[in-house]
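*Asks:* the following block contains a protein sequence and its predicted model.
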Amino acid sequence: MEKQIKGRFEIFCRDPFDPCLKTHKLRGKLENYWSFSVSETHRVMFEFLGKREVGLIDIGDHSIYQ
């Protein structure tokens, strides 16, 4: 999993909206956050802090949304 996460972060650093990441804005109580896919079951939750800066919130399965 670590290798897969590293690969996704490399793509994310080049283009946070690369289609393979399936980046999307979250809703409800998490509406200030975004998420991208690492695998079918694992996600990275983050927030945009500036034009070229993000803050990582959590990495894990769908339970990160709770």
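*Replies:* Received it, and whenever you're ready, just let me know what you need. Just so we're clear, the structure is a prediction, and the values are computed from it rather than from any experiment. Numbers count the residues shown, from 1 in each chain.

*Asks:* where along this structure do the helices fall?
*Replies:* In the chain, the segments counted as helices under DSSP state H are 2-14.

*Asks:* shaky segments in it?
*Replies:* For the chain, no stretch is flagged by pLDDT under 70.

*Asks:* specify the beta-bridge partners of residue 53.
*Replies:* Beta-bridge partners of residue 53, counted by DSSP bridges, are residue 50.

*Asks:* I'd like the distance between it and residue 66.
*Replies:* Taking Cβ to Cβ, to the nearest Å as the criterion, residue 53 is separated from residue 66 by 26 Å. C-beta here means a position set from N, CA and C on the backbone, and glycine is covered the same way.

*Asks:* also residue 26?
*Replies:* Taken as Cβ to Cβ, the span from residue 26 to residue 66 is 12 Å.

*Asks:* can you give me the buried ones in stretch 49-66?
*Replies:* Using 16 or more other Cβ atoms under 10 Å as the burial criterion, the residues of stretch 49-66 that qualify are 57, 59, 64, 65.

*Asks:* what number of residues lie near residue 30?
*Replies:* The burial metric for residue 30, expressed as a neighbour count using other Cβ atoms under 10 Å, is 16.

*Asks:* write down the beta-bridge partners of residue 59, one by one.
*Replies:* The residues listed as beta-bridge partners of residue 59 by DSSP bridges are residue 44.

*Asks:* next up, the contacts around it.
*Replies:* Under the criterion of Cβ atoms under 8 Å, 6 or more residues apart in numbering, the contact list for residue 59 reads 5, 38, 42, 43, 44, 45.

*Asks:* out of the buried residues of stretch 49-66, which one sits closest to residue 18?
*Replies:* Closest to residue 18 out of those is residue 59 (17.6 Å), distances taken as Cβ to Cβ.

*Asks:* returning to that earlier point: among the buried residues of stretch 49-66, which pair sits farthest apart?
*Replies:* Farthest-apart pair in the buried residues of stretch 49-66 is 59 and 65; separation 12.3 Å (Cβ to Cβ).
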